[in-house]
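A.B. asks: no sequence for this one, just the structure:
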């Protein structure tokens with residue numbers, strides 16, 4: 001897994017690109033101040049799934065863990081929202097499922113995040129659509145910062161994006177990661 005930060009001069013923000021095997025997806029902040037998750041490589045089907053482990057990227061794994069814990073707790077900005085309709089829609093049976101805030105469009109996408117023992121499974125479903133020019137484009141998953149169907153639950157996603165943007169060393173691996181990748185015991189046996 002490789003993570004790249006790219007300055008987007010159009011939106012005056014940073015795009016986060018995540019590469020895993022032959023999958024490329026971006027997390028970006030639009031000019032309208034909304035967050036977007038986009039499948040970048042158009043050769044994929046409308047659905048991609050991949051796993052993030054600490055061996056892939058400790059930084060991304062930790063950020064997903066923070067996101068998952070915040071949403072699972074139902075506590076946003078110090079207020080419990082576990083009884084809200086928005087919470088019941090976004091978090092069911094231990095799975096985060098965000099349906100794009102572009103609900104007025106017929107090409108809606110969604111993302112599911114499932115926590116396993118030492119991994120997160122991420123599935124993005126984004127419908128293709130044709131423009132008037134006959135191009136086959138992928139849509140995006142939109143996280144509205146104002147007027148979201150999930151009220152304030154966009155905040156943990158925005159915090160994750162901000163933390164990835166502010167990270168100094170996106171792809172530096174730790175000794176622990178290296179040992180796991182090489183299947184070396186960190187604590188030698190006697």
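C.D. replies: Nice, I can see it. The structure displayed is predicted, hence computed values, not measured ones. Numbers count the residues shown, from 1 in each chain.
A.B. asks: going by C-alpha atoms from here, please, whenever you check contacts or count neighbours.
C.D. replies: OK.
A.B. asks: residue 5 belongs to a helix?
C.D. replies: No: counting by DSSP: H, G, I helix; E, B strand; the rest coil, residue 5 falls outside a helix, being strand.
A.B. asks: which residues does it contact?
C.D. replies: 14, 15, 16, 17, 165 (C-alpha atoms under 8 Å, 6 or more residues apart in numbering).
A.B. asks: element containing the second one, please.
C.D. replies: Taking DSSP states H and E as the definition, residue 15 sits inside strand 13-20.
A.B. asks: okay, helices next: where are they in the chain?
C.D. replies: 58-73, 85-90, 155-166, 175-182 (DSSP state H).
A.B. asks: now mean neighbour count too, for those helices, in TSV please.
C.D. replies: Shown next, in TSV, are the helices of the chain (neighbours: other C-alpha atoms under 10 Å):
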stretch	mean neighbour count
helix 58-73	18
helix 85-90	16
helix 155-166	18
helix 175-182	13
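A.B. asks: in terms of mean pLDDT, which of those ranks lowest?
C.D. replies: Sorting those by mean pLDDT places helix 175-182 lowest, at a mean of 61.
A.B. asks: mind listing the residues bridging to the closest residue to residue 47 other than its chain neighbours?
C.D. replies: Of all residues not flanking residue 47 in the chain, residue 125 sits nearest, at 4.3 Å (C-alpha to C-alpha, 6 or more residues apart in numbering). Listed beta-bridge partners, residue 125: residue 47, residue 110 (assigned using DSSP bridges).
A.B. asks: follow-up on the earlier one: let me know which of the helices of the chain is the nearest to residue 36.
C.D. replies: Between residue 36 and these, the tightest spacing by C-alpha to C-alpha is seen for helix 155-166, at 9.8 Å.
A.B. asks: what's the angle between that closest one and strand 13-20?
C.D. replies: 90 degrees (axes from the mean of the first three to the mean of the last three C-alpha atoms, to 10 degrees).
A.B. asks: off-centre distance for helix 155-166?
C.D. replies: Offset of helix 155-166 from its chain centre (C-alpha atoms, centre = their mean, to the nearest Å): 10 Å.
A.B. asks: can you tell me what sits against that helix?
C.D. replies: So helix 155-166 is contacted by 5, 14, 16, 27-28, 35, 59-60, 63-64, 66-67, 70-71, 76, 143, 145, 170 (C-alpha under 8 Å, 6+ apart).
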